[in-house]
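Asks: mind looking at a prediction? Sequence and model below.
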Amino acid sequence: MKKKKIVVAYSGGLDTSVMVKWLSQKYNAEIITVTGNLGQKKDIENLEDKAIKTGASKAYIVDLQNEFIQDYVWKALKAEALYEGDYPLATSIGRPLLAKLMVDIAQKENADMIAHGCTGKGNDQVRFEVGIKTLAPDMEILAPLRTWEFKTREEEIDYAMLHNIPISITKAKPYSIDENLWGIAVECGELEDTMNAPPEDAYQITKSPLKAKDKPQDVTISFKEGIP
């Protein structure tokens with residue numbers, strides 16, 4: 001019997017790394033990973049090797065930076081799109097583009113299903129699934145984080161260690177980091193409780209106020225002739 005094909009939205013983080021192995025075992029399926037380069041700092045070229053070693057048959061890495069800037073970032077900037085006046089929606093505006101990429105690869109590979117790594121408690125699952133269903137109404141969507149047996153990231157780490165899945169996080173620093181050229185979002189660990197101050201090791205591109213300079217600096221950016 002021919003194996004089914006599952007295309008996985010792959011960041012190389014804990015969730016999607018575990019997903020590759022878990023899906024291949026759960027569905028006895030061929031796994032194809034897809035990574036969209038939106039300008040994240042991590043060396044995403046290494047993700048192909050990591051995905052293959054974890055069990056994927058093929059790994060796509062697609063440069064979407066120019067399309068992301070032209071069709072999403074500039075529009076968000078013009079709209080002054082800031083959630084609650086502070087957050088530039090960096091993660092949010094990238095999801096429709098990634099959903100489109102997933103559908104493109106799934107159709108190219110004649111895949112049976114698309115899997116994403118969104119949890120059941122946020123809006124990302126909606127962004128991915130509405131985007132995918134709009135472009136491919138008949139495509140089956142899998143959301144393992146809503147259904148699998150792991151209740152905590154610590155349990156996922158145990159699974160990764162058991163199956164020799166290479167991961168960079170630890171139980172002491174179980175942060176989930178989403179980054180692109182428009183911003184960065186960090187969650188999980190102590191950050192889940194809003195009563196906790198962000199730990200020093202949670203900061204990625206900034207510093208805690210205690211380690212920042214005493215004198216603030218103002219930076220003003222303007223565009224004199226429209227889009228660069």
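Replies: Structure received. This is a predicted model, so every value here is computed, not measured. Numbering: from 1, shown residues only.
Asks: so how far is the helix ranked longest in the chain off the chain centroid?
Replies: Longest helix in the chain, counting residues (DSSP state H): helix 90-108. Taking CA atoms, centre = their mean, to the nearest Å, one finds helix 90-108 lying 11 Å from the centre of the chain it belongs to.
Asks: please enumerate the strands of the chain.
Replies: Here the chain has its strands, by DSSP state E, at 5-9, 30-37, 58-63, 113-115, 140-142, 176-180, 183-187.
Asks: now tabulate the ones you listed in TSV and tack on mean pLDDT and mean neighbour count.
Replies: Using the backbone N, CA and C atoms, a C-beta is placed for each residue, glycine as well. Output for the strands of the chain, formatted as TSV (pLDDT from 0 to 100; neighbours: other CB atoms under 10 Å):
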stretch	mean pLDDT	mean neighbour count
strand 5-9	97	25
strand 30-37	96	24
strand 58-63	96	16
strand 113-115	98	24
strand 140-142	97	16
strand 176-180	77	20
strand 183-187	77	16
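Asks: ok so, going back, for the longest helix of the chain, packing partners?
Replies: Here helix 90-108 touches strand 5-9, strand 30-37, strand 58-63, helix 65-68, strand 113-115, helix 124-135, strand 176-180, strand 183-187, going by 3 or more CB pairs under 8 Å, 6 or more residues apart in numbering; DSSP states H and E.
Asks: could you dump the strands of the chain into CSV and include distance to R153?
Replies: Formatted as CSV, the strands of the chain follow (distance: least, CB to CB, whole Å):
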stretch, distance to R153
strand 5-9, 18
strand 30-37, 20
strand 58-63, 23
strand 113-115, 18
strand 140-142, 19
strand 176-180, 8
strand 183-187, 10
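Asks: tell me which of those strands sits nearest to K78.
Replies: strand 183-187 (16.5 Å; CB to CB).
Asks: mind listing residues that contact that closest one?
Replies: 87-91, 175-179, 202-205 (CB atoms under 8 Å, 6 or more residues apart in numbering).
Asks: which neighbours in the sheet does it have, and how are they oriented?
Replies: The strands beside strand 183-187 in its sheet (DSSP bridges) come out as strand 176-180 (antiparallel).
Asks: export only the CA atoms of the partner strand, formatted as PDB.
Replies: These are the backbone C-alpha positions of strand 176-180, laid out as PDB (Å, rounded to 0.1, in the frame of the first residue of the first chain):
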ATOM      1  CA  SER A 176       9.400  28.900  21.800                       C
ATOM      2  CA  ILE A 177      10.900  31.600  19.500                       C
ATOM      3  CA  ASP A 178       9.300  32.900  16.300                       C
ATOM      4  CA  GLU A 179      11.500  35.300  14.300                       C
ATOM      5  CA  ASN A 180      11.400  37.100  11.000                       C
END
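Asks: any residues touching it, and which ones?
Replies: So strand 176-180 is in contact with 11, 13-15, 38-42, 68, 90-91, 94, 153, 184-188, 204, going by CB under 8 Å, 6+ apart.
Asks: just stretch 115-130 next, same as before
Replies: Residues contacting stretch 115-130 (CB under 8 Å, 6+ apart): 6-9, 11, 13, 15-16, 19, 23, 91-92, 95-96, 98-99, 102, 141-146.
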